[in-house]
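Enquirer: sequence and predicted structure, then a few things I'm wondering about:
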Amino acid sequence: MAGAVTMGASEEVRARIVAFLPRLRRFCRGLAGGNADRGDDLLQATVERALARIEQWQPGTSLENWIFKMASNLHIDLLRSQRTRGIAVDVEEVAELPGDDELARMEFRSELDAVRAGLAAMPGDLRMVMTTVVLDGQSYKDAAECLGVPIGTVMSRLSRARQFLDAYVRRSPERIAAA
């Protein structure tokens with residue numbers, strides 16, 4: 001294969017991979033939704049695949065992007081296989097579980113209700129930016145003109161609104177009020 005990694009350069013590439021591990025670990029944990037165990041499993045599988053296929057990396061291209069893409073592909077493969085296999089459940093618990101459709105509907109409704117409540121509890125200036133950009137789909141520039149504020153203010157308020165909503169949905173509203 002023309003331009004493939006030679007044996008001498010292979011050790012240098014391996015050293016680069018080791019130096020890259022902290023960033024890759026954060027990336028894998030992010031893909032795994034913050035779950036440390038699943039993120040570390042993805043990290044291990046990614047590094048294992050990268051080292052096994054090191055000769056496929058082309059010098060002159062970004063090693064980090066090559067590995068990030070590999071992690072993303074492994075994560076997608078894992079999600080697809082889980083979708084095919086379904087959720088693992090103890091035999092004793094099967095009778096107590098709702099069906100897939102009902103469970104998905106309940107989770108969606110619960111999260112949707114939490115988002116609606118979060119929007120209602122959000123300060124007005126944040127809610128206006130959130131609804132203008134996210135719900136109405138306007139660009140930052142158009143939202144800034146519509147609301148009569150600088151574009152930087154739109155970006156800042158949108159960031160704060162997203163953080164507020166995320167915190168509201170993931171935690172109880174009581175803890176939001178205390179923060």
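Expert: Noted; the coordinates are in hand. Numbers count the residues shown, from 1 in each chain.
Enquirer: which residues touch the top helix by length along the chain?
Expert: Looking across the chain with DSSP state H, the single longest helix is helix 7-31. Contacts of helix 7-31 with the rest of the structure, by CB atoms under 8 Å, 6 or more residues apart in numbering, involve 5, 35-36, 39-40, 42-43, 46-47, 50-51, 54-55, 57, 59, 63-64, 67-68, 71-72, 75. C-beta here means a position set from N, CA and C on the backbone, and glycine is covered the same way.
Enquirer: what about 7 Å?
Expert: Here helix 7-31 makes contact (CB atoms under 7 Å, 6 or more residues apart in numbering) with 5, 36, 39, 42-43, 46-47, 50-51, 54, 57, 59, 63-64, 67-68, 71-72, 75.
Enquirer: would you mark the buried spots in that helix?
Expert: For helix 7-31, a neighbour-count test (16 or more other CB atoms under 10 Å) marks Val13, Ile17, Phe20, Leu24, Arg25, Phe27, Cys28, Arg29, Leu31 as buried.
Enquirer: for the buried ones among the contacts of helix 7-31, write the corresponding PyMOL selection.
Expert: Selection of buried members from the contacts of helix 7-31 for PyMOL, criterion 16+ other CB under 10 Å:
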select buried, resi 5+39+42+43+46+47+50+54+57+63+67+68+71+75
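Enquirer: tell me which of the contacts of helix 7-31 fall in helices.
Expert: In this view, the contacts of helix 7-31 that belong to helices under DSSP H are 36, 39, 42-43, 46-47, 50-51, 63-64, 67-68, 71-72, 75.
Enquirer: follow-up on the earlier one: of the buried residues of helix 7-31, which is the nearest to Pro150?
Expert: Using CB to CB, Phe27 is the member of the buried residues of helix 7-31 that sits closest to Pro150, with 32.7 Å.
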